[in-house]
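1. From the sequence below, what's the structure:
(one chain, ligands or ions: 1)
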Amino acid sequence: MNILAQLKARFQPVLASLTDEVGPLLEMIRPAGDPKFGDYQANFAMGLAKKVGKNPRELAAEIVAGAKLDDLCETPEVAGPGFINLKLRDDWLQAQLVAAKSDERIGVEKVAEPKTYIVDYSSPNVAKPMHVGHIRSTVIGDSLCRTLKFLGHNAISDNHLGDWGTQFGMIIYGYKHFADQAAYKKAPVPELSRIYRVVRGLMDYFDAKTKLPKLIEALAERTADYETAKNAPAPTDKAEAKKQKKEVGRLQSQVQELNEEIKSTEAKIAQTEDSPQLAKLAAEHAEIGSAVLKETAKLHEGDAENLALWKEFLPFCEDEIKRVYERLNVTFDHQLGESFYHDRLADVVADFEKRGLAKESEGATCIFLDGFKAPMIIRKRDGAFLYSTTDLATIAYRMETWKPDAILYVVDFRQGDHFDKLFAATRLWGYTDIELKHVSFGTVMGEDGKPFKTRAGDTVGLEGLLDEAVSRALAVVNDQAEKSPEGESLDPAQRQQISEIVGIASLKYGDLSQNRESDYKFSYDKMLALNGNTSTYMQYSYARVQSIFRRGEVDIEKLRASDVAITFEHPLERQLAVAVLRFSEALDDVLADYRPNYLTNYLFDQLAKSFSSFFDSCPVLKAETEDLKNSRLLLCDLTARVIKQGLDLLGIQTVDKM
Ligand code: ARG
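-> Numbers count the residues shown, from 1 in each chain. All right, here's what the predicted structure looks like:
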């Protein structure tokens, strides 16, 4: 049962008798911003009145009279210029709660018309360790898949591994030149990571060497601009003077940024040059950049040695990421990496050419797209295919195999241009009847507001991040255990187990509760806070209900199955009831634009807050009568079940004690 959907269905017929465009009007039925206006408010009368030439208040009254609402709502009130205020009937709410209490899905219905979605997420470039950047795609994608599936859609998750790119050229080159065979035989994964880091370090060194003179040149220019702007006479016009001041500030911060970049670039260079060992390596491998590209090209051309090495390395890389996925409790229906599509790429290019959709330009094969400055290159001059070519082949494969209604790509915002072009090219190719969506997300920042790095300036490894969150969670769990009478009974092994769940949850929730398109500052303390919009608080609310059941020796299963009535003695019981019943709406909100933070907002702002107020004012185990106690126990149970289900859709587990 979905309250909003019910209301819409009631208004639909009468609106349809007045206009052809009912859809947008139904969107104007919203939860009321202020409880004094009831539970929901419909604001369509004003706009519609203009269109049909009627008085808005009269029209509102007419619509209310024409909609069959009496079993659902109190008599609606027409307010102000024509707002319709809707208050749900208590007996109707109570009947919905009774239905939900014995329903496995807590009253959330599946969609009437399920669709097939492919969700492309996580998709790391393997052969290098997963880092903090991978957390967002992994947890957002997993949560969207879970939500789609829960609502009855056919959601197919596909981990589009980067298993065919330059990073393999890097470890192949590294293996050929730097491998410690004994170490590799003993433990291949750490040795391969070491090799990767050596090659990465050398390549970064040479990149830094190339970049430094350019940065210095840019600094000189920017500094000159800054001096000129600063010393220019101040304009007399106030607005102009303000503009100039702003410009000076802008240039000044650019100068500062360049200075910082130069400093870190110089530090990178010094790291290598100050170490005799590294300096010697750098001298011996001055051509490493092009050599790595050559190894990659050889792999793609089917060179026997490189292909054998790739086949040997890939399973190690897959085991690496599998370990992380296990800890994150994330699974995929498919894991078809870039390599899977290699043999199809030539055909894709040929097909675009045959249809006259791709043209040669300076030796490369390009798709020219309306509205884009640069074309999409699908084959380079040297014959190599690109990331885009693989993505086109992937779409064709997915269409043939699953005939999806939608493909969602949960990928960093920096790939926005790639996806804009990819989608345009896909339409041009003839796939017009499919939703293609880049579910874009921002960057994880450190507390200093810059992309999250270790103190040494390296990217933060994902496994280390998980370990740290778990160890900090243990401190929280120990602290809580000391405070609660039940907690002391938790032994060290149980506490460790709870910490693993609480720690990983805090990372996931900390990420999922953000507007995905914004950057956010990573903070263990905030994520693990016991108060506020955190998983720790949500898990704690859940455990609190379980603790009530234990203390009261309540057989909750039996109570659910009984015909105990749910009543509203106190306004906060009713408020909690409405919050519980709005779960289904929150899930619709999530899927409207693929935003899991609509679920965390709901869980915290509506459900947990209502529960906390209810709990402060309404004694449960000490309720005046047995009937009231049972009614309140059922409200607690419904709340806990929605929390558990909601967290599950975020990929987060609950614990009974914490
Ligand atoms: N492997 C890519 C990267 O790490 C992400 C792939 C996203 N999916 C896709 N179909 N392009 O940047």
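
2. Identify the residues contacting the helix or strand hosting L587?
-> Here L587, judged by DSSP states H and E, is contained in helix 583-592. Here helix 583-592 makes contact (Cβ atoms under 8 Å, 6 or more residues apart in numbering) with 1-5, 31, 106-109, 144, 147-148, 150-151, 595-596, 598-599, 601-603, 606-607, 642, 645-646, 649. C-beta here means a position set from N, CA and C on the backbone, and glycine is covered the same way.

3. Show me what counts as buried in that helix.
-> F583, S584, E585, A586, L587, D588, D589, V590, L591 (16 or more other Cβ atoms under 10 Å).

4. Show the pLDDT at the residue of the stretch 251-400 of the chain found nearest the ligand.
-> Minimum separation of the stretch 251-400 of the chain from the ligand (Cβ to the nearest ligand atom) falls at D391, amounting to 5.1 Å. If you check D391, the pLDDT there is 98.

5. That one: neighbour count?
-> 25 (other Cβ atoms under 10 Å).

6. Now do the contacts for it.
-> For D391, counting by Cβ under 8 Å, 6+ apart, the contacting residues are H418, L422.

7. Let me know the helix or strand that it is in.
-> Assigned by DSSP H and E, D391 falls in helix 387-402.

8. Show me which residues of that helix are buried.
-> Neighbour-count burial for helix 387-402 [16+ other Cβ under 10 Å]: S388, T389, T390, D391, L392, A393, T394, I395, A396, R398, M399, W402.

9. The residues you listed into TSV, with extra columns for distance to R200?
-> Output for the buried residues of helix 387-402, formatted as TSV (distance: Cβ to Cβ, whole Å):
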residue	distance to R200
S388	25
T389	26
T390	23
D391	25
L392	29
A393	28
T394	27
I395	31
A396	33
R398	32
M399	37
W402	36
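
10. so how far is V460 from the residue nearest the centre of the chain?
-> Centroid-nearest residue in the chain: I140, 2.7 Å away (criterion: Cα atoms, centre = their mean). When distance is defined by Cβ to Cβ, to the nearest Å, I140 is 18 Å away from V460.

11. my guess is the residue nearest to the centre of the chain contacts V410, does it?
-> Yes - the pair I140 and V410 qualifies as a contact (Cβ atoms under 8 Å) at a distance of 5.2 Å.

12. Give the other helices and strands that the longest helix seen in the chain contacts.
-> Across the chain, the longest stretch assigned as helix under DSSP state H is helix 188-231. Here helix 188-231 touches helix 166-178, helix 181-186, helix 238-273, helix 276-284, helix 288-301, helix 304-328, going by 3 or more Cβ pairs under 8 Å, 6 or more residues apart in numbering; DSSP states H and E.

13. Quick one: the ones you listed as JSON lines, columns for mean neighbour count too.
-> As requested, the helices and strands packed on helix 188-231 are arranged in JSON lines below (neighbours: other Cβ atoms under 10 Å):
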{"stretch": "helix 166-178", "mean neighbour count": "22"}
{"stretch": "helix 181-186", "mean neighbour count": "11"}
{"stretch": "helix 238-273", "mean neighbour count": "14"}
{"stretch": "helix 276-284", "mean neighbour count": "12"}
{"stretch": "helix 288-301", "mean neighbour count": "18"}
{"stretch": "helix 304-328", "mean neighbour count": "16"}
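
14. Distance to H131 and mean pLDDT for the ones you listed - can I get that in a markdown table?
-> A markdown table is the format used below for the helices and strands packed on helix 188-231 (distance: least, Cβ to Cβ, whole Å; pLDDT from 0 to 100):
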| stretch | distance to H131 | mean pLDDT |
| --- | --- | --- |
| helix 166-178 | 13 | 95 |
| helix 181-186 | 23 | 96 |
| helix 238-273 | 18 | 94 |
| helix 276-284 | 22 | 95 |
| helix 288-301 | 20 | 95 |
| helix 304-328 | 11 | 95 |
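
15. Count residues in the vicinity of D274, would you?
-> Counted by other Cβ under 10 Å, the residues lying close to D274 total 10.

16. Which residue is the nearest non-sequential neighbour of the residue in the stretch 1-150 of the chain positioned nearest to the ligand?
-> Nearest residue of the stretch 1-150 of the chain to the ligand (Cβ to the nearest ligand atom) works out as S123 at 3.7 Å. Leaving aside its chain neighbours, S123 sits nearest to H160 (4.2 Å; criterion: Cβ to Cβ, 6 or more residues apart in numbering).

17. For the ligand, see how far away that neighbour is.
-> 4 Å (Cβ to the nearest ligand atom, to the nearest Å).

18. Please renumber the chain so that the first residue is 609 from this point on.
-> In the new count, where the first residue is 609, that last one comes out as H768.

19. Mind pulling up the pLDDT for the residue of the stretch 1059-1208 of the chain found nearest the ligand?
-> With Cβ to the nearest ligand atom as the measure, T1067 is the residue of the stretch 1059-1208 of the chain nearest to the ligand, at 12.6 Å. Per-residue pLDDT puts T1067 at 79.
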